[in-house]
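**Student:** what's the 3D shape of this:
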Amino acid sequence: MPAILLLVYNRPDHTSKVLKRLADLGVSEIHISADGPKDAEDITRCTAVRTACMNSGMSVISNFSDVHLGCKEGVISGIAWFFKLVHEGIILEDDCLPTESFLRFSSLLLEEYRTEPNVYMISGNNPMGKWESSHSHHFARIGHIWGWATWRDRWQEFDPKLPALTAFENDHGFTRLFGNTSIPKQIRKKTHAALAGTLDTWDYQWTLHHAIQGRLAAIPCENLTENVGFGRGATHTVDRPGWLSDHIGSISDLTLNSPIRPDREYEMGLFMSQKLNGLPLSSSHAYCNKGRSMHNALRIVQVNSTDFGGGAESLVMQQHQLLRHLGHDAMVVVGQKQTDDVSVVPLSSDPITQIIDLNPDIIHLHNLHDTGLTLNELTKLTDHFKLIWTLHDSWTVCGSERHPFELNPAHLSYLDREEWNRNLAARGDALKTFNIRITAPSQWLRDQVLIQHGLPSHYVSNSVKDSPMRLESKQRGAYLLFVANHADRNPYRELDILKQAWIKANSSLGSLSTDLICIGGTAHTDRYGSNELIMMERQNAETIKQYMHGAIAVVQASTQDNAPLTILEAHSSGTPVIGSMVGGIPEMVSPSEASVLYAAGNVDSLTESILKAVRAQAELKEEVIAQEGHISSETMAYTFLGHYYDMLHG
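**Tutor:** Prediction:
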């Protein structure tokens, strides 16, 4: 068993409970670090704690301070003392009751990841209670310290002053690492409070130090420790929060091949439950398993603007075809029908009556523009049917009427801003009135639903058909690729910015200079020195994949995005992406691609990203090919089926 450190202070009852639990679990030796008394009244309590430690029946190696150091310095100095004596170990505080599974979990993972620098700690605590995934543990940037373990080398390089923080922030580090959600804002705020001394803690600095290095914490799929420290006398946990699960489980089958990448859904799920002060939602993996285990056929009606195109249209039709293949009575009703698929029908002039007459078990809403349906009209459907709505864009979380949507009304005129706010409030009121389940394919959009409407939403990742795809290996071309509908006049695609940045980058690249191929505009070719900008008309999916496979990188140049399929398609072709730091893009890219994200609208920023990507194309490509995580279209369909069954039967 690894060495164990118990951090104590002035709570003899809590300390005695932990000591007894450890002894009952067969622990024979323990390291104990005790903070000193704060005042005269503290002396009696601190003395009682130390007496309980020495009378525990275990062999005690002690580090008892004569002075009061406080929460931050007391913990840091205690752990530093511990790791002068041992190479790795388990760390408990005086209110954390371990389980046998926690000790076994920590022991096994300390050994498994001993030489894996990308793992910085093992958490025994999972505040979600349960988080179903494909393995016995998953990873997150944010570790939990109610029972944890780490190694000497990870601890000894930790500097709680965070000397790298300024450079990290200046390089948009929080967005590159965590994406465009409220999570990095919270971490940044509390880290700066801890650095300033207004928050007496150390764990935010510990987390961010390792996150800056790209490291992750291992989290068990079930909570393995119990915090008994809530109440009077606690430093930070006086009241037990409503969001905290009371589940304490065990893990009998420890699997050690979990992919070392952050579970962003877990991170957002935890943040969301904290903000709503409610128990967390289940994982998408849990819903997928439910969808695979249920076999009764459903009558499903999906509603979308059209049945042909990219983005939402492609996703809806992928899902529709799979649902029918799996034996479900599935239909799609659309505002504009463009295919000859008989299971797709156009919406009538009375769409509500039409949908009611179809008598579905589930109505799955997608894009509603060009359908004639309004939010108020949809309330009529909630009286009869179960509704689920997948948000493919940001319309529901803003007050705009036309795309590209204005996500912030600050620059609008007073009257336009008032109208924007009225529209947003009306959408929020309607959503709260509905008996409707909301899903989104990015953590960014889930966060926006929470911010704007105070509502939870589920995560279901987008997928690409036949993903992952591998084409026959061939020499990569010396070109960058940009793909967008109406690429030369699309108001939220930055072709002009890209063109300027490409020209500037080529002036520095010399023999590495590239061509630029743009797909989706009016066909023409322009020459700039020895390089060409080639604009092509819209191409079919297979042709685009071939161009992706041959590109140095695909550039997702945009001012607004949710979870673009172009990135998934590029990755399925083994091609890196240069993306802007907007919407859900930062959460979709690999760590190396995060370093070439650019600030939207900034020519110099995109120029620098192109230079980095071209010069490091081999390394970027290697990481993209190696990384996993994008789901298949089958997984997406089963995940939605899991939601359908859950809504119908619980």
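
**Student:** Contacts made by stretch 240-251 with the rest, please.
**Tutor:** Applying Cβ atoms under 8 Å, 6 or more residues apart in numbering, the external contacts of stretch 240-251 come out as 99-101, 105, 127-130, 136, 220-226, 230, 273-274, 276-280. Quick note: C-beta positions are derived from backbone N, CA and C, even for glycine.

**Student:** In helices, which of these appear?
**Tutor:** Secondary structure from DSSP state H places Glu100, Ser101, Phe105, Ser273, Gln274, Leu276 of the contacts of stretch 240-251 in helices.

**Student:** And the spatially closest residue to Ala616 that is not a sequence neighbour, how far from Ile534?
**Tutor:** Sequence neighbours aside, Ser592 is the residue nearest to Ala616 in space, at 7.4 Å (criterion: Cβ to Cβ, 6 or more residues apart in numbering). Applying Cβ to Cβ, to the nearest Å, the value for Ser592 to Ile534 is 27 Å.

**Student:** Looking only at neighbour counts, state which of these two leads.
**Tutor:** Higher neighbour count among Ser592 and Ile534: Ser592, with 19 against 16, using other Cβ atoms under 10 Å.

**Student:** That one: which element?
**Tutor:** helix 591-594 (DSSP states H and E).

**Student:** Remind me what the very next helix or strand once past that helix packs against, helices and strands.
**Tutor:** Proceeding N to C from helix 591-594, the next assigned helix or strand is helix 603-615, under DSSP H and E. Helix 603-615 sits against helix 495-509, strand 553-556, strand 577-579, with contacts defined as 3 or more Cβ pairs under 8 Å, 6 or more residues apart in numbering; DSSP states H and E.

**Student:** buried sites along the longest one?
**Tutor:** Of all the residues in helix 495-509, those buried under the rule 16 or more other Cβ atoms under 10 Å are Leu495, Ile497, Leu498, Lys499, Ala501, Trp502, Ile503, Lys504, Ala505, Asn506, Leu509.

**Student:** Pull the contacting residues for the fifth one.
**Tutor:** Same thing as Ala501. Per Cβ under 8 Å, 6+ apart, neighbours of Ala501: Tyr598, Val603, Asp604, Leu606, Thr607, Ser609, Ile610.

**Student:** same deal with the last one?
**Tutor:** Residues touching Leu509, when contacts are defined by Cβ under 8 Å, 6+ apart, comprise Leu611, Val614, Arg615.

**Student:** again, only this time at 6 Å
**Tutor:** Val614 (Cβ atoms under 6 Å, 6 or more residues apart in numbering).

**Student:** Pro456 versus that one, what's the distance?
**Tutor:** According to Cβ to Cβ, Leu509 and Pro456 sit 47 Å apart.

**Student:** Also the second one?
**Tutor:** Distance check for Ile497 against Pro456: by Cβ to Cβ, it reads 36 Å.

**Student:** Give me the contact list for the lowest-mean-pLDDT helix or strand in the chain.
**Tutor:** Across the helices and strands of the chain, mean confidence by mean pLDDT, DSSP states H and E is lowest for helix 617-626: a mean of 81. Helix 617-626 is touched from outside by Ile552, His571, Gly574, Pro576, Ser590, Ser592, with contacts defined as Cβ under 6 Å, 6+ apart.

**Student:** could the residues you listed be laid out in JSON lines, adding distance to Asp429 and pLDDT?
**Tutor:** Below are these laid out as JSON lines (distance: Cβ to Cβ, whole Å; pLDDT from 0 to 100):
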{"residue": "Ile552", "distance to Asp429": "48", "pLDDT": "95"}
{"residue": "His571", "distance to Asp429": "39", "pLDDT": "91"}
{"residue": "Gly574", "distance to Asp429": "46", "pLDDT": "89"}
{"residue": "Pro576", "distance to Asp429": "43", "pLDDT": "94"}
{"residue": "Ser590", "distance to Asp429": "40", "pLDDT": "91"}
{"residue": "Ser592", "distance to Asp429": "44", "pLDDT": "91"}
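
**Student:** Looking at the residues you listed, spot the one nearest Tyr287.
**Tutor:** Relative to Tyr287, the closest of the contacts of helix 617-626 is His571; by Cβ to Cβ it sits at 23.2 Å.

**Student:** Just give the number of residues close to the closest one.
**Tutor:** Residues near His571, counting by other Cβ under 10 Å: 27.

**Student:** likewise Gly291?
**Tutor:** 21.

**Student:** Would you map the strands across the stretch 151-300 of the chain?
**Tutor:** Listed in chain order, the strands of the stretch 151-300 of the chain (DSSP state E, counting those that start in this stretch) span 216-220, 225-227, 299-306.

**Student:** Tell me which of these approaches Ser252 most closely.
**Tutor:** strand 216-220 (12.0 Å).

**Student:** Only the buried residues of that closest one, if you could.
**Tutor:** Those would be Leu216, Ala217, Ala218, Ile219, Pro220, for strand 216-220 by 16+ other Cβ under 10 Å.

**Student:** Tell me what angle the host helix or strand of Thr379 forms with strand 299-306.
**Tutor:** Counting by DSSP H and E, the secondary-structure element that holds Thr379 is helix 375-382. Taking axes from the mean of the first three to the mean of the last three Cα atoms, to 10 degrees, one finds helix 375-382 and strand 299-306 inclined to each other by 170 degrees.

**Student:** What helices and strands are in contact with the helix or strand harbouring Leu648?
**Tutor:** In this structure, Leu648 sits in helix 633-649 according to DSSP H and E. In terms of contacts (3 or more Cβ pairs under 6 Å, 6 or more residues apart in numbering; DSSP states H and E), helix 633-649 is packed against helix 284-293, helix 312-325.

**Student:** wait, which of those helices is closest to Ile187?
**Tutor:** Of all these, helix 284-293 sits nearest to Ile187, with 23.5 Å by Cβ to Cβ.

**Student:** Quick one: mean pLDDT over that closest one.
**Tutor:** Helix 284-293 comes out with an average pLDDT of 96.

**Student:** just stretch 195-204 next, same as before
**Tutor:** Mean per-residue pLDDT for stretch 195-204: 92.

**Student:** What is the end-to-end distance of that stretch?
**Tutor:** End-to-end distance for stretch 195-204, by Cα to Cα, to the nearest Å: 9 Å.

**Student:** Identify each buried residue in it, please.
**Tutor:** For stretch 195-204, the neighbour count (16+ other Cβ under 10 Å) marks Leu195, Leu199, Thr201, Trp202, Asp203, Tyr204 as buried.

**Student:** is it true that Val603 touches Gln500?
**Tutor:** Yes - counting by Cβ atoms under 6 Å, Val603 does reach Gln500; the two are 4.7 Å apart.

**Student:** Centroid-nearest residue for this structure?
**Tutor:** Arg264 (2.1 Å; Cα atoms, centre = their mean).

**Student:** buried residues in the longest helix along the chain?
**Tutor:** If you go by DSSP H, the chain has its longest helix at helix 414-433. Using 16+ other Cβ under 10 Å as the test for burial, helix 414-433 gives Arg417, Glu419, Trp420, Asn423, Leu424, Arg427, Gly428, Ala430, Leu431.

**Student:** Give the next helix or strand downstream of that helix.
**Tutor:** Next along from helix 414-433, by DSSP H and E: strand 436-440.

**Student:** what's in contact with that next one?
**Tutor:** Residues contacting strand 436-440 (Cβ under 6 Å, 6+ apart): Leu387, Ile388, Trp389, Thr390, Leu391, Arg446, Ser457, His458, Val460.

**Student:** After that strand, heading C-terminal, what element do we hit next?
**Tutor:** helix 443-453.

**Student:** okay, the angle between that following helix and strand 436-440?
**Tutor:** 140 degrees.
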